[in-house]
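Undergrad: Sharing a model that was predicted from the sequence below.
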Amino acid sequence: MENFNFLLLTDTHFFKHSLGCWGKEYDEFMRFEQKCFAETEAINNAVFDWVDKTDLTDTVLIAGDLSFNGEYESHLGFIELLKKLKENGKRVFVITADHDFKREDDNAFCFDDEGRHAPRATPRDELFDLYYEYGFKDAIAVDRKHLSYVAQLCDGVRLLALNNDGNCRDFKTYDEEQIAWIKEQTKQAREDGQMMIAMNHYPLLAGQPILSIVPSAVQKNAGEISTMLADEGVHVVFTGHMHNQSINLKVTEKGNKLYDVCTGSIIASPSVMRLVTVESPKKIKIETINCPDFEWDTGGRSCTKYLDDMFDSMILNMLADMKENPERILRRFGAGDKKNLFPITKKIGKLLDKLTVGGAARLLCVKCDRSIKKMLLKDYITELVRQVFSGNQAFKEGTPKGDIFLRVLKRFNFLLKKVNLKNTDGEKVELYDLLKNSAGNYDIDDYNAELILED
């Protein structure tokens, strides 16, 4: 088998700028957004121009959430980018996800100076025809009901492209009919002597340990599905959804491996793509490529710094609201009517606004390295949270930022042990371990790695 490679993108969230993304309500909406909105067309144009011109590969996979929020005009604009790739010799395989359609009782949205509006949304039953040329047309097997298909990527490698919209209300799941179809396709691949890889929008393994307790961070029944795929001979799945950069491994009771390679969104920090090289049925090489700069007024910042700052502003705005508008921040967490919480929230917000890492260390009676004593605590928190999503988290044991984090955890471990937590598979987890391994990456490199699929 010769080396075969492809580019993997996810969460393009293309939005047609002319629909409207400005005004007072837009600015308010963006206070708590981790991903770009107005900039998405410019970012996609730059990324797809780079993909079009690269000679690294002629095959491109895109793992869902193609549009910002199901706007029909956004789909048409995005398809023009896909069409150009195909016209210039690229092979394109996409799946759609829950941001790509709207039910009858929901609306897409845009903003202008007059406020929020509802442009034409895309029903789910239009997605097959819209994206027929980009996966379904050249598939060797199609499950139209579930918007899934199997494609022959090269001699010896098949793609299991899975959509997990479920019944459009209970998202992120497969019904029995789809599971039967998946097993039929994996069985056929084994009989034909074909290696099968999967592309599934929702992660099957939590990107970081702390996300294992967040139901929306993984596909429903992810434990059962990941075990099924691994035991059926699918040993790597490419995912998105969380805008999180991570590579994780699961080994089933039967000794079969499943790697979940989750890739960050191109329109949010860390804004990356993957170059994937299948070297053999037992080995895949993963490389990360930073997305190119895009045409936008970034205020003199690099595009990477601009996207990092956008992520940081989401966290900093939340912390600022604790001090300035506690009702608004509590409303975001479903407690906007708890007026008794307003004063304490405001006091905590005022403290966080001025407290340094060194000052917090003194309050908690833990040692702090001199190099970070003057760092504002809110900046420390923001960087820590961003790294959970950007991957290869640097707050590890043996570093100034990691050591103080672990000292604080140890100081309060007697309380952490009393917290009864279970992950989405219903298994008991230790909060100390979750936090330690989410702040620092002690496992597989999240950016560049060689995956050994079978021992």
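TA: Happy to help now that I have it. It should be emphasised that the depicted structure is a prediction, and the values quoted were computed from it without experimental measurement.
Undergrad: how much space between A268 and M195?
TA: Per Cβ to Cβ, to the nearest Å, A268 is found 32 Å from M195. The way it works is simple: take the backbone N, C-alpha and C, and place the C-beta from them, glycine included.
Undergrad: make that E25, sorry
TA: Counting by Cβ to Cβ, the gap from E25 to M195 is 49 Å.
Undergrad: okay, those two: which has more neighbours?
TA: Neighbour totals were compared for E25 and M195, and M195 leads with 23 against 16 (other Cβ atoms under 10 Å).
Undergrad: So that one versus R158, what's the distance?
TA: 7 Å.
Undergrad: M310 now?
TA: The separation that M310 has from R158, given Cβ to Cβ, amounts to 38 Å.
Undergrad: So which of these two has more stuff around it?
TA: R158 (23 against 19).
Undergrad: what packs against the helix or strand hosting the more buried one?
TA: Here R158, judged by DSSP states H and E, is contained in strand 157-162. Counting contacts by 3 or more Cβ pairs under 8 Å, 6 or more residues apart in numbering; DSSP states H and E, strand 157-162 packs against strand 91-95, strand 148-154, helix 176-191, strand 195-200.
Undergrad: ok, now with 6 Å
TA: Applying 3 or more Cβ pairs under 6 Å, 6 or more residues apart in numbering; DSSP states H and E, we find strand 157-162 packed against strand 148-154, strand 195-200.
Undergrad: neighbouring strands for it, and are they parallel or not?
TA: strand 148-154 (antiparallel), strand 195-200 (parallel) (DSSP bridges).
Undergrad: now the angle from that strand to helix 176-191?
TA: 180 degrees (axes from the mean of the first three to the mean of the last three Cα atoms, to 10 degrees).
Undergrad: centre of the chain versus strand 157-162, how much separation?
TA: When distances are taken as Cα atoms, centre = their mean, to the nearest Å, strand 157-162 is centred 20 Å away from the chain's centroid.
Undergrad: got it, and stretch 132-150?
TA: 23 Å.
Undergrad: for the stretch 201-350 of the chain, what spans make up the strands?
TA: 234-239, 246-251, 257-262, 272-280, 283-290 (DSSP state E, counting those that start in this stretch).
Undergrad: who touches the fourth one?
TA: What that stands for is strand 272-280. 1, 3-9, 56, 157, 263-264, 284-290 (Cβ atoms under 6 Å, 6 or more residues apart in numbering).
Undergrad: That strand pairs with which strands?
TA: Here strand 272-280 has these sheet partners by DSSP bridges: strand 4-9 (antiparallel), strand 283-290 (antiparallel).
Undergrad: Compare the ones you listed and give me the one nearest Q219.
TA: Closest to Q219 of the strands paired with strand 272-280, according to Cβ to Cβ: strand 4-9, at 17.9 Å.
Undergrad: After that closest one, which helix or strand is next?
TA: Proceeding N to C from strand 4-9, the next assigned helix or strand is helix 24-30, under DSSP H and E.
Undergrad: Quick check: buried residues in that following helix?
TA: E25, Y26, M30 (16 or more other Cβ atoms under 10 Å).
Undergrad: Can you tell me which of the strands paired with strand 272-280 is nearest to D52?
TA: strand 4-9 (11.0 Å).
Undergrad: If we go by neighbour counts, what in the closest one is buried?
TA: Applying 16+ other Cβ under 10 Å to strand 4-9 flags F4, N5, F6, L7, L8, L9 as buried.
Undergrad: before we move on, what about stretch 183-197?
TA: By 16+ other Cβ under 10 Å, the buried positions in stretch 183-197 come out as Q185, T186, A189, Q194, M195, M196, I197.
Undergrad: need those residues in JSON lines with distance to L352, can you?
TA: Shown next, in JSON lines, are these (distance: Cβ to Cβ, whole Å):
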{"residue": "Q185", "distance to L352": "51"}
{"residue": "T186", "distance to L352": "50"}
{"residue": "A189", "distance to L352": "53"}
{"residue": "Q194", "distance to L352": "54"}
{"residue": "M195", "distance to L352": "50"}
{"residue": "M196", "distance to L352": "49"}
{"residue": "I197", "distance to L352": "44"}
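Undergrad: Sort out which one of these lies nearest L316 for me.
TA: Among those, I197 lies closest to L316 (Cβ to Cβ), at 39.0 Å.
Undergrad: Pairing partners for the closest one in the sheet, please.
TA: Applying DSSP bridges, one finds that I197 bridges with L159.
Undergrad: what about the closest residue in space to F101 that isn't next to it in sequence, how many neighbours?
TA: Residue nearest to F101 in three dimensions, not counting chain neighbours: R124, with 4.1 Å by Cβ to Cβ, 6 or more residues apart in numbering. By other Cβ under 10 Å, the residues close to R124 number 17.
Undergrad: Great, nothing more from me.
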